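# no FASTA, just this:
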């Protein structure tokens, strides 16, 4: 069993309030629901223009987990292009 974690830092330059940021994050989370991943905002909850998401998948092999996390990163870029500032992938085996 492999647990894959994708950490994503997002910058939302157009957000003028927490409500604006939440609308962007809700769009991202709703689109990620169709993938085999779990997603949560894990840091910067009180900042208007910054967010950190943790995206997790569990799989029987590392290659499959890596593909799922890559698909999630691609979907974020497709939904909200140019907002991702940093990504990091980790695996627990």
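Ah, there it is. Here the structure is a predicted model, which means the values were calculated and not measured.
# pLDDT below threshold where in the chain?
Nowhere does the chain drop to pLDDT under 70.
# please enumerate the strands of it.
Assigned by DSSP state E, the chain shows strands spanning 2-11, 38-43, 50-59, 84-92.
# the longest helix seen in the chain to strand 84-92, inter-axis angle?
Criterion DSSP state H: the longest helix present in the chain is helix 62-79. Using axes from the mean of the first three to the mean of the last three Cα atoms, to 10 degrees, the inter-axis angle of helix 62-79 relative to strand 84-92 is 160 degrees.
# could I get the strands of the chain in TSV, plus columns for distance to residue 67 and mean neighbour count?
Every residue, glycine included, has its C-beta placed from N, CA and C. What follows is the strands of the chain, written out as TSV (distance: least, Cβ to Cβ, whole Å; neighbours: other Cβ atoms under 10 Å):
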stretch	distance to residue 67	mean neighbour count
strand 2-11	10	18
strand 38-43	16	14
strand 50-59	9	19
strand 84-92	11	13
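# could you export these as a markdown table, including distance to residue 21?
Shown next, in a markdown table, are these (distance: least, Cβ to Cβ, whole Å):
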| stretch | distance to residue 21 |
| --- | --- |
| strand 2-11 | 9 |
| strand 38-43 | 9 |
| strand 50-59 | 6 |
| strand 84-92 | 14 |
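# figure out which of those is closest to residue 23.
Proximity to residue 23, assessed across the strands of the chain by Cβ to Cβ, is greatest for strand 50-59 (11.7 Å).
# and the angle from that closest one to strand 38-43?
Using the same axes, to 10 degrees: strand 50-59 against strand 38-43 is 150 degrees.
# and strand 50-59 with strand 2-11, angle?
Strand 50-59 runs at 160 degrees relative to strand 2-11, counting by the same axes, to 10 degrees.
# and strand 50-59, how far out from the chain middle?
Offset of strand 50-59 from its chain centre (Cα atoms, centre = their mean, to the nearest Å): 5 Å.
# again, but for stretch 45-65
5 Å.
# which strand residues bridge the most centrally placed residue in the chain?
With the centre of the chain defined as its mean C-alpha position, the nearest residue by Cα atoms, centre = their mean is residue 53, 4.6 Å away. Taking DSSP bridges as the rule, residue 53 bridges to residue 8, residue 41.
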